[in-house]
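Novice: What follows is a predicted structure for the sequence shown.
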Amino acid sequence: MDSLVVSNIRQRPLRSAISVLGVALGVALVMLFTGLAHGMSDDLQKRSSNVSAEILFTRPGSLQINTASTNLSTKYVELLQKVEGVESVTPVIRYFYSSGAWGVDQVEGVEWDSFSQMNNIRIIKGQAPRSPDEIVIDETKAARNHPVGSTLKVFGDRLYRVAGIYAPESGARAKMMLGALQDSLEAPEKCTFIYVKVKNPAEQVAVAKRIDEAFPGNKVQLTRELFATIENSIPGLTIFLRVLVILSAIVSALVIMLAMHTTITERTREIGILKAMGASRFYIISAIEREAILISFLGLLVGFALAWLAGVGIHKTTSLIFDFSLKWALVAAAIGLLGGALGAFYPAARAANLDPVNALAYE
Amino acid sequence: MATILKAENLEKTYRVGKVDVPALRGVSLAVQEGEFIGIMGPSGCGKSTMLHLLGGLLTPTKGRIVIDGEDLTAATDAKRTDIRRRKIGFVFQRFNLFPTLTAEGNLRLAERIHGNGSGDAERRHEILRMLRLEDKMHHKPLELSGGEQQRVALARAVVNRPAIVLADEPTGNLDSENSEIVLNMFRELNDRFNQTIIMITHNPEAAAACQRVIQMRDGHIV
């Protein structure tokens, strides 16, 4: 490593640290946003993949990513059961509620026996919910200091006792009796959707068509299509992530440009000395670029560390999940380094074109 | 002895606002290899302008400069930089060392710029020994006295075996004791390595160390 580059960075530790932090913030933002999108998407897919039902029957618009309506009559349960090719059905209420100061959580009301049987879900500790004030939770939620016998707030200040822990994870992390949730929501004989399991999975499309024809005006979806990635489910998320990446690159470039511009002004005389010693334009530009890239590289390391720490901290205080992918880490690294290199280029070129006599006379 | 530097009818005019200010008005000079030349004259007579022209830091308005067979005035900016890198060593009144680098770092930087990555260790040690700097190599400029700093600057200027050393009042910032030490170093470099030196000075004692002294006045050699 060129000692002039290292010694220049060490000469102004505060400014170097601020530059490193500027790059780090851009990198950390990219990592956090993409990590959050992937983490939540993967989590949703993982939980969705444990649903064995092939068909989801609901009202149009009643089930969204973060909202749900309880407006489907449970009378359909009996009617669906009679459709040719249907093996079993089970109604579910999905309810979203605010969780603490940070996020949104969800609870499902289910008929435990039919739901667990259909989806191969078992109680691994404790017991199934047997009274209106009991819930069961999955292992991830239990690991957040909610053992069997503890209490959880689901609706405002209302406490529910954790009766059991189930596995594998499926849908909402907390489930209670369907009737208990209907009562709480004052929605008797209503649900959000009905899971339908078919006798022969190879015929699920035909069964779905039969249901659609038998009950027009409702929504019939195949679960395999429903649980596509969250990136595709949320309109504009991919564009948002790309814009974020571009903005981060611009922030990195501007931080480095400002730092290098100040550096060049401060070191005008030294650049004059370099020129007097016969340093070429290329040498001067490359020396400044090396300094910028070293600062950017340090910014990358700090940015990755910040993102990881923030991800762990946010996960601990909310239910948000971060999944940092190598692909986005490489993208963040590329924009950090490229932004730094591009940002330094103008001040570097300006330095290389300084008049040596004026630079030597600079006070 | 071969002519290592030849300047013919050099003119340099600065443009200050809308006014032309002539600094050199037709200066011709020939320097032989191994000469130690002093340039004296009052402030504003064109000494520094001439040194900057000879070093390729400025281009003349008129005239021609040939250094070691290469025409400096016909060269592009990049070529002039290249000639300066290979053939010229500068020593300044204010030392102009890199404050963040040690004395050794300053020398190594000169070697890197010259394209001599690992440097000529034997040459470096010989010069450091001669300039009595061997035990100062790990000191930064602010940890050195003025005389020591100027000796490091001198070592930096000659470490790559330049054809000519151009020194702009090298003793101007030194007390008489350190001036004497630095002048002795110049003399020794000239004697032992046959180093060609052109030195601007206001100091008659410094001028006395030179083999030839050129007097300048109003942009002319007198």
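Specialist: Structure's in. What do you need?
Novice: can you give me the strands for the stretch 51-200 of chain A?
Specialist: Taking DSSP state E, counting those that start in this stretch, the strands of the stretch 51-200 of chain A run over residues A:55-58, A:72-73, A:86-99, A:103-110, A:122-126, A:134-138, A:151-155, A:158-167, A:174-177, A:190-191, A:193-198.
Novice: I'd like to know which of those strands is closest to chain B.
Specialist: Using Cβ to the nearest Cβ as the measure, strand A:103-110 is the one of the strands of the stretch 51-200 of chain A that comes nearest chain B, at 49.0 Å. All C-beta spots, glycine's among them, are computed from the backbone N, C-alpha and C.
Novice: Next, the buried residues of that closest one.
Specialist: By 16 or more other Cβ atoms under 10 Å in any protein chain shown, the buried positions in strand A:103-110 come out as A:105-110.
Novice: okay, the residues you listed in CSV with pLDDT and distance to residue A:132 next?
Specialist: As requested, the buried residues of strand A:103-110 are arranged in CSV below (pLDDT from 0 to 100; distance: Cβ to Cβ, whole Å):
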residue, pLDDT, distance to residue A:132
A:105, 78, 19
A:106, 84, 18
A:107, 89, 13
A:108, 92, 15
A:109, 94, 10
A:110, 94, 13
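Novice: ok, the residue lying closest to residue A:120 once chain neighbours are set aside - contacts?
Specialist: In space, and not counting its chain neighbours, residue A:120 is closest to residue A:52: 6.0 Å by Cβ to Cβ, 6 or more residues apart in numbering or on different chains. With contact set as Cβ atoms under 8 Å, 6 or more residues apart in numbering or on different chains, residue A:52 has these partners: A:118-120, A:197.
Novice: Give me the neighbour count for residue B:130.
Specialist: Applying other Cβ atoms under 10 Å in any protein chain shown, we find 18 residues neighbouring residue B:130.
Novice: what's the closest residue in space to it that isn't next to it in sequence sitting at in phi/psi?
Specialist: Closest residue to residue B:130 apart from its sequence neighbours, by Cβ to Cβ, 6+ apart: residue B:188 at 6.0 Å. In terms of degrees, to the nearest 10, the main-chain angles of residue B:188 are phi -70, psi -40.
Novice: any idea how far residue B:188 lies from residue B:163?
Specialist: Distance of residue B:188 to residue B:163, given as Cβ to Cβ, to the nearest Å: 18 Å.
Novice: what about the two, which has more around it?
Specialist: Ranked by neighbour count (other Cβ under 10 Å), residue B:188 and residue B:163 place residue B:163 first, with 19 against 13.
Novice: So for the more buried one, what's the pLDDT?
Specialist: Residue B:163 is assigned a predicted lDDT (pLDDT) of 90.
Novice: Could you look up the SS state of residue A:265?
Specialist: helix (DSSP: H, G, I helix; E, B strand; the rest coil).
Novice: For the residue in the stretch 1-150 of chain A positioned nearest to chain B, grab the count of nearby residues.
Specialist: Closest approach between the stretch 1-150 of chain A and chain B, counting by Cβ to the nearest Cβ: residue A:7, at 3.7 Å. Burial of residue A:7 is recorded as 17 neighbouring residues (other Cβ under 10 Å).
Novice: Check residue A:308 too.
Specialist: Around residue A:308 there are 16 residues (other Cβ under 10 Å).
Novice: Would you mind pulling up the elements that the host helix or strand of residue A:260 packs against?
Specialist: In this assignment (DSSP states H and E), residue A:260 forms part of helix A:237-266. Applying 3 or more Cβ pairs under 8 Å, 6 or more residues apart in numbering or on different chains; DSSP states H and E, we find helix A:237-266 packed against helix A:13-49, helix A:230-233, helix A:281-317, helix A:326-352.
Novice: Apply 6 Å and report the result again.
Specialist: On a contact count with 3 or more Cβ pairs under 6 Å, 6 or more residues apart in numbering or on different chains; DSSP states H and E, helix A:237-266 meets helix A:13-49, helix A:326-352.
Novice: which intervals of the chain have sub-threshold pLDDT?
Specialist: Defaulting to chain A. A:1-2, A:64-66, A:99-103, A:227-237, A:319 (pLDDT under 70).
Novice: look at chain B instead
Specialist: Along chain B, the parts satisfying pLDDT under 70 run over B:117-119.
Novice: all strands for it, in order.
Specialist: Remark: strands assigned in chain B by DSSP state E are B:3-16, B:19-32, B:36-40, B:62-67, B:70-71, B:88-91, B:164-168, B:196-200, B:212-217, B:220-221.
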